[in-house]
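Visitor: okay, predicted coordinates and the sequence, questions at the end:
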Amino acid sequence: MNIIKVIDDGRVSANGQMRMADDSAKESLNASVKFPLQEGLELSFENALHSSLSPGIVINAIDHQLCDGQKSRSIVEIEIRWLAEIHEAAVKCKSNKRKLMVGNRLSALGERTASGFASLLVGQTWQGAHDRLAKVRQPYLQWVARAFDRLCSHTAPDLLIDEERAISLARRLVTEMVGLLENKLVLARLDTVRREHQRKRSVLVQRLVAFKRAFPKLMVLRLDLGYGKEHSSISTDRIIADWEALKAFITTNFPSYLRYVVKLEYGLQKGAHMHVLMLFNGAMVRQDVTIAKLIGEHWSNVVTGGMGVYFNCNAAPYKSRFSYCGVGVFNKLDEATVAGFQAVADYITKPDPFVTLMMPSEKRFYRAHLALPERRRRPCSKAAAVAA
């Protein structure tokens, strides 16, 4: 995604840059920003963003189109999006680490990687970018921040980075990042993120297969549950309370309900939302699309009092997108079924950088309640009991 500079009154300025140089500009920004953040967020406005608004530092915004009457994004959202873009570029850099260098210089892929970082550095200052990265306790962003530390001698801290400086700085940045991968501690911290995702994905697939073996006709539902745009800044406590209320409704009204997996995510457009996987005994109930719709409507109209929205992933138009779909009713356990379980497990366990940045007070973003229910044994006859 191309990064454009700060939005001014709902429009992108002509040269794409705006400097916050005087106190009055800062005060007007302070008054206009609304915060959806929870207590304890390290990227709070007071701690992290004032340094971004110091003279000579330009805040980046997102390349997007503004409809008539639409308000510009808050400075906090701009900061978080910038960090998420850096995170995505760092993940790609890590996955291609062996292809980025040819000897002591960047390869063609390394140059393209540097170009991606350069687009994120234009309009920043070294000090402003470094400070925002250094405040986040996330392995990939700490990796980039550590590489930034090695570039302090190559640029003035408060000098605005233009396109030419950005390319030169980004090339050095990628080189330093690749060099840091020789450090076993840095590499281990980065690999922890990947290993945790692989572990959760593997465990979820194993549990889904176990449920399929225990229940010959297994029904898997997936719902995306959230809130309308006007309620996107809802608190974490409210989200958890609403989820508990929905669970109580499902448990009470669906005897075929077995277990669930829920993952909390955060989107700048949708705010906090959840991806929910629910398992049912398909021998006791039919019509997965209808059941998912009933649960979604209850979430939207009853649990959230009309503030909620949902997406039914069991609907045919959605399921038709996938060669191997992990939701629906499964009558047999074959390669296609396992491939579908792997696909849905990979998605629902994938780490989300936004939620760790926006909601650090909520430690459990992924919850799986997948213990197999105890099988009921048929009561034996009195004669058989005596013989035993």
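Guide: Thanks, I have the structure now.
Visitor: ok, now which ones touch Y324?
Guide: Counting by C-beta atoms under 8 Å, 6 or more residues apart in numbering, Y324 makes contact with A336, A339, G340, Q342, A343. Where C-beta positions appear, they are placed from N, C-alpha and C, glycine not excepted.
Visitor: just the buried ones among those residues, please.
Guide: Among these, those classed as buried by 16 or more other C-beta atoms under 10 Å are G340, Q342, A343.
Visitor: mind listing which of those are in strands?
Guide: Counting by DSSP state E, the buried ones among the contacts of Y324 place none of their members in strands.
Visitor: reformat those residues as JSON lines; add pLDDT and distance to L141.
Guide: Formatted as JSON lines, the buried ones among the contacts of Y324 follow (pLDDT from 0 to 100; distance: C-beta to C-beta, whole Å):
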{"residue": "G340", "pLDDT": "93", "distance to L141": "34"}
{"residue": "Q342", "pLDDT": "94", "distance to L141": "29"}
{"residue": "A343", "pLDDT": "93", "distance to L141": "28"}
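Visitor: relative to S235, which of those is nearest.
Guide: S235 lies nearest to A343 out of those, by C-beta to C-beta, at 32.4 Å.
Visitor: contact partners for the closest one?
Guide: Neighbours of A343 in contact, by C-beta under 8 Å, 6+ apart: F322, Y324, C325, G326.
Visitor: so which strand or helix has the second one?
Guide: It stands for Y324. Here Y324 is covered by no helix or strand, with elements defined by DSSP states H and E.
Visitor: show me which of the buried ones among the contacts of Y324 is closest to L181.
Guide: Q342 (28.4 Å).
Visitor: the closest one: what's it in contact with?
Guide: R201, V205, Y324, G326.
Visitor: in helices, which of those residues fall?
Guide: Counting by DSSP state H, the contacts of Q342 place R201, V205 in helices.
Visitor: which residues in this structure form strands?
Guide: 3-5, 7-8, 11-12, 60-62, 101-102, 105-106, 218-227, 257-267, 271-281, 308-312, 328-330, 366-369.
Visitor: let's have the ones you listed in CSV, adding mean pLDDT, distance to D149 and mean neighbour count.
Guide: Formatted as CSV, the strands of the chain follow (pLDDT from 0 to 100; distance: least, C-beta to C-beta, whole Å; neighbours: other C-beta atoms under 10 Å):
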stretch, mean pLDDT, distance to D149, mean neighbour count
strand 3-5, 33, 23, 19
strand 7-8, 30, 31, 16
strand 11-12, 32, 32, 14
strand 60-62, 31, 21, 22
strand 101-102, 94, 20, 14
strand 105-106, 94, 20, 15
strand 218-227, 94, 38, 23
strand 257-267, 89, 29, 20
strand 271-281, 90, 33, 23
strand 308-312, 93, 43, 20
strand 328-330, 93, 50, 20
strand 366-369, 81, 32, 16
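Visitor: now the ones you listed in a markdown table, with distance to G128?
Guide: Formatted as a markdown table, the strands of the chain follow (distance: least, C-beta to C-beta, whole Å):
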| stretch | distance to G128 |
| --- | --- |
| strand 3-5 | 13 |
| strand 7-8 | 18 |
| strand 11-12 | 20 |
| strand 60-62 | 10 |
| strand 101-102 | 28 |
| strand 105-106 | 25 |
| strand 218-227 | 32 |
| strand 257-267 | 24 |
| strand 271-281 | 27 |
| strand 308-312 | 36 |
| strand 328-330 | 49 |
| strand 366-369 | 33 |
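Visitor: closest one to L83 among those strands?
Guide: The nearest among the strands of the chain, by C-beta to C-beta, is strand 60-62 at 10.3 Å.
Visitor: what are the phi and psi values for A283?
Guide: Main-chain torsions, A283, degrees, to the nearest 10: phi -70, psi -20.
Visitor: pretty sure it is touching L218, no?
Guide: No. A283 lies out of contact with L218 (C-beta atoms under 8 Å); the separation is 9.1 Å.
Visitor: in helices, which of the buried ones among the contacts of Y324 appear?
Guide: G340, Q342, A343.
Visitor: pick the one among these closest to A368.
Guide: Among those, Q342 lies closest to A368 (C-beta to C-beta), at 15.6 Å.
Visitor: from T349, how far off is the closest one?
Guide: 11 Å (C-beta to C-beta, to the nearest Å).
Visitor: anything in contact with each of those two?
Guide: Residues touching both Q342 and T349 (C-beta under 8 Å, 6+ apart): R201.
Visitor: with that, I have no additional questions.
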